[in-house]
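A.B. asks: Mind folding the following:
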Amino acid sequence: MKSLTEYLWFQTKERRGYINITPQVAECVRKSGVQEGLCLVNAMHITASVYINDDEPGLIRDFDDFLEKTAPYDVNGYRHHATGEDNGDAHLKRQLFGREVVIAVTQGKLDFGPWEQIFYGEFDGRRKKRVLVKILGE
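C.D. replies: Model (predicted):
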């Protein structure tokens, strides 16, 4: 069995951001040489997510609006802030959008449905964070 582990690094200028990371993950698959297998992609920070959806700007704004309505940024509104942090909302947003995705690798390529793309979702940005890409297969 072949395997490859890569780390992708991201730093957003804003507190929240959504980055299409499909090209970087596809390059990792190519580099791995795996023709049939699985690709795990996960955010290695508890205030960021990796998810799959359509790369359509209106939809991305809808996601951001939904998350902000569901878990709004509020410097005084979360018990977590008693620790000295101000990112309680980011932890909740991560729980909603999840930690990771697993994509099939078929004939050496990511095997997506129509319109599917991989995104890194940042909910407490302005600092460097990493994403793990692990590919296993033959």
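A.B. asks: Quick one: list the elements packing against the longest helix along the chain.
C.D. replies: Looking across the chain with DSSP state H, the single longest helix is helix 57-70. Contact here means 3 or more Cβ pairs under 8 Å, 6 or more residues apart in numbering; DSSP states H and E; on that basis helix 57-70 packs against strand 17-20, helix 88-97. In this view, the C-beta of every residue, glycine as well, is placed from N, C-alpha and C.
A.B. asks: Disregarding residues adjacent in the polypeptide, which is nearest to Gln24?
C.D. replies: Leu8 (5.3 Å; Cβ to Cβ, 6 or more residues apart in numbering).
A.B. asks: what's the helix or strand for that neighbour?
C.D. replies: Taking DSSP states H and E as the definition, one finds Leu8 inside strand 2-10.
A.B. asks: and Ile46, how far is that from Ser3?
C.D. replies: 25 Å (Cβ to Cβ, to the nearest Å).
A.B. asks: Same check on Phe123?
C.D. replies: Counting by Cβ to Cβ - Phe123 and Ser3 are separated by 30 Å.
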